[in-house]
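Colleague: The amino acid sequence is not available; the structure is as follows:
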C-alpha cells in the first residue's frame, strides 16, 4: 500500500495549493485529469427563449449563460442518468432559472431567478446582455449536472502540478548572491551561508539561477509534487480534490476486478 503525505501550502478562496510526497507523475496526472473533467458540476444546459429583441441572438445568450458558474450543494443533486426520474427532469437533478427584464439596463447573473433558493450564480454581477430602452428578454434556463469530459461548461477546475524543486550547491566557489539576484520570482535567499528556497510553490524550475553560475544545480523531485487547483465552478477546491481521489479509487477497484476475471 502506498502511503502519501499531504501538506497544504496555500488555501485562498477558490485556490488551493498542496504538496504530495511519496507519489509519482502517473498518479499526479491521473488526479489532475479527473479534477478537471470528471467531477460533476451544475451548469445551464439549454434555454427556452420566449422573447428576445436584444442585440444578442438566442444562441449567444445560451452560450453566455452556460458559462456562468453556479454555486450548489453537490450532495443535493443527482446526475440525470442516475436520478429516479431517469433523466426526465425533477428537482433532484435540475434547476430552472427565469429571466424577465426590460431595458434600459444591463442584464446580469443576479437577474436569474432560481427555482431552488440554494442554487445561485457565484457572482451576481456577471454581465449577460445590455438592453436598450425598447428591448427586453424573457426566457427559462435549465441547469443540470454534468462532467467536463462531456462538455467544457462542466469543467470543475483548472488544475496543474509541478515537481518539487531541489537546489544543490557543489563546491565553494559558487556565487550565491548572484544566484539570488538571477531568480525572476525572488524566492531564493542566502541564510547561514547556504542557498535557501523560501517558497517552493512559486519556483517553476526555470533554472535562471544556474545560467552563468558554476556549482549550482536545480532539479525536480518526481516523488514530491506540488498541485495547484483553482475552482472555476461552484465547488470548493477542497471538495474537488477529495472527489477526484474518490473517483480515482473507484477506477482502480474496477480495474482490479477486471484483472481478477482474466
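Modeller: Happy to help now that I have it. As the structure is a computational prediction, the values presented were derived from the model and not from experiment.

Colleague: residue closest to the middle of this structure?
Modeller: residue 157 (1.3 Å; Cα atoms, centre = their mean).

Colleague: I'd say that one and residue 227 touch.
Modeller: No - Residue 157 is beyond contact range of residue 227, at 10.4 Å (criterion: Cβ atoms under 8 Å). The C-beta positions use only the backbone N, C-alpha and C, and glycine is treated the same way.

Colleague: And the residue nearest to the centre of the chain, how far from residue 63?
Modeller: 21 Å (Cβ to Cβ, to the nearest Å).

Colleague: Tell me what residue 228 is bridged to.
Modeller: residue 17, residue 160 (DSSP bridges).

Colleague: show me the contacts for it.
Modeller: 15, 16, 17, 159, 160, 161, 162, 201 (Cβ atoms under 8 Å, 6 or more residues apart in numbering).

Colleague: Leaving out the residues flanking it, which one is nearest to the fourth one?
Modeller: Read that as residue 159. residue 35 (4.3 Å; Cβ to Cβ, 6 or more residues apart in numbering).

Colleague: quick check, that neighbour in a helix?
Modeller: Yes - under DSSP: H, G, I helix; E, B strand; the rest coil, residue 35 sits within a helix.

Colleague: mind listing what it touches?
Modeller: 156, 157, 159, 229, 240, 241, 244.

Colleague: Check what pLDDT the first one gets.
Modeller: In this prediction, residue 156 carries a pLDDT score of 95.

Colleague: so the closest residue to it other than its chain neighbours, which of the three states?
Modeller: What sits nearest to residue 156 in space, not counting adjacent residues and going by Cβ to Cβ, 6+ apart, is residue 39, at 3.9 Å. Judged by three-state DSSP, the three-state class of residue 39 is coil.
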